[in-house]
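Asks: turn this into a model:
(one chain, ligands or ions: 1)
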Amino acid sequence: MNLNTMLETVRALTAPGKGILAADESHGTIGRRFTAIGVDNTPENRRQYRQLLFQTPDIAGILSGVILFDETVRQRADDGTPFPELLARLRIVPGIKVDAGAKPLAGAPEEMITEGLDGLRERLADYRGLGARFAKWRAVIAIGEGRPSTYCLAANAHTLGRYAALCQEADVVPIVEPEVLMDGDHTIEQCFAATEAALDHLFRSLRDQHVVLEAALLKPNMVLSGAKCPRQAGVEEVAEATVRCLRRTVPAAVPGVMFLSGGQSPERATQHLNAMNTMPGPRPWVLSFSFARALQAPAMDAWRGSPAAVAAAQQAFLHRARLISAAREGRYTPEMEQAGVGSGGRR
Ligand code: 13P
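Replies: Down below sits the predicted model:
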């Protein structure tokens, strides 16, 4: 294990004003997004779309890293440059999703366990050879009657620990993602309790499995009201609950908290990130982003598979990315939502 190599990767990923683009949708997930905009889910369309994102002018000032999918890490831009190389030339760190998705948990089939540990050591070596310097593994935790169970939390935490230890053995920085879903009618208090329990289990497991926290990043959900909860918590309430939950559970040795957006609107995710970064009180970790939907939704909507719309889609992508970058620094204001206003990039 070369700790310095990983610490360098962590430093790059948590650089001021920057964060991560999650572009690692599985074929099924990207297929659902493409269907919504009338695009066929083919390898070539997926390549065209990811190329559009990666080649967006000026995006390198905002993205510290990009998470790729197994197919994407092997694809090339029109000029033949492999995507990981294209990103590395822009000083954007290439990363890779290494989990194989969530399946029903045996003995508790209404809950989920993430698979993909078999052969992971060999796959990590392969991905590292292709240029990946960090990895992602997502555990899926649902709130409901009697859920999440301790069994589900412990099984997923153990799996995340196994994954993270294998990553560090290969000098790959692990992003550990225990996602408490926002689906359902649960309250923000229930989300707080589930998130606190998930993070508690996770950090105990990471310690047990000798994971070096300084060389790992956390990708948590924000603490939110369930999407169908009649009472929706406000922006300040979400920010306060999320930071309080993290303070209770996340050791100060963890360098960065890279939030997922989880199905929030781009505006909402931006507001929440901004509010957390303007809160008083101690925050020993960087609070940044590793968004998929909140970063990509405007670009997808503008693109809709049309080559003539590539420049407009890139503009929409860059605009949202600049707002999220401002929120990561606590400098976002709603007026910036109008294109061109105060969105002149990092200062
Ligand atoms: P969202 O930001 O769309 O939640 O995706 C982040 C991610 O990578 C989930 O694993």
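Asks: contacts and neighbour counts: CA atoms only from here.
Replies: OK.
Asks: show the pLDDT at G281.
Replies: For G281, the model assigns a pLDDT of 89.
Asks: and it, its phi and psi?
Replies: Backbone torsions of G281, given as degrees, to the nearest 10, read phi 100, psi 170.
Asks: and it, how far from S288?
Replies: Going from G281 to S288 by C-alpha to C-alpha, to the nearest Å gives 17 Å.
Asks: what helix or strand is the residue nearest the centre of the chain on?
Replies: Most central in the chain under C-alpha atoms, centre = their mean is S290, positioned 3.2 Å from the mean C-alpha point. Using DSSP states H and E, S290 sits within strand 286-291.
Asks: who does that strand pair up with?
Replies: Within its sheet, and counting by DSSP bridges, strand 286-291 is paired with strand 19-22 (parallel), strand 256-259 (parallel).
Asks: CSV for those strands, including distance to Q48 and mean pLDDT?
Replies: Output for the strands paired with strand 286-291, formatted as CSV (distance: least, C-alpha to C-alpha, whole Å; pLDDT from 0 to 100):
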stretch, distance to Q48, mean pLDDT
strand 19-22, 16, 99
strand 256-259, 26, 99
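Asks: wait, does stretch 24-36 make contact with the ligand?
Replies: No - residues of stretch 24-36 are not located near the ligand by C-alpha under 6 Å from any ligand atom, the shortest gap being 6.7 Å.
Asks: ok, and what's touching that stretch?
Replies: By C-alpha atoms under 8 Å, 6 or more residues apart in numbering, the residues outside stretch 24-36 that reach it are 40-41, 46, 67-69, 72, 96-97, 304.
Asks: let's see that with 6 Å instead.
Replies: Residues from elsewhere that reach stretch 24-36 (C-alpha atoms under 6 Å, 6 or more residues apart in numbering): 41, 67-69.
Asks: what's the answer for stretch 90-101, then?
Replies: 60, 64-69, 84, 114-116, 132-137.
Asks: what ranges does the chain have for its strands?
Replies: Along the chain, counting by DSSP state E, strands occupy 19-22, 63-68, 93-97, 102-105, 108-114, 134-141, 173-180, 217-218, 256-259, 286-291.
Asks: on that earlier part again, who has more neighbours, G281 and S288?
Replies: Between G281 and S288, counted using other C-alpha atoms under 10 Å, the more crowded position is S288 (29 against 7).
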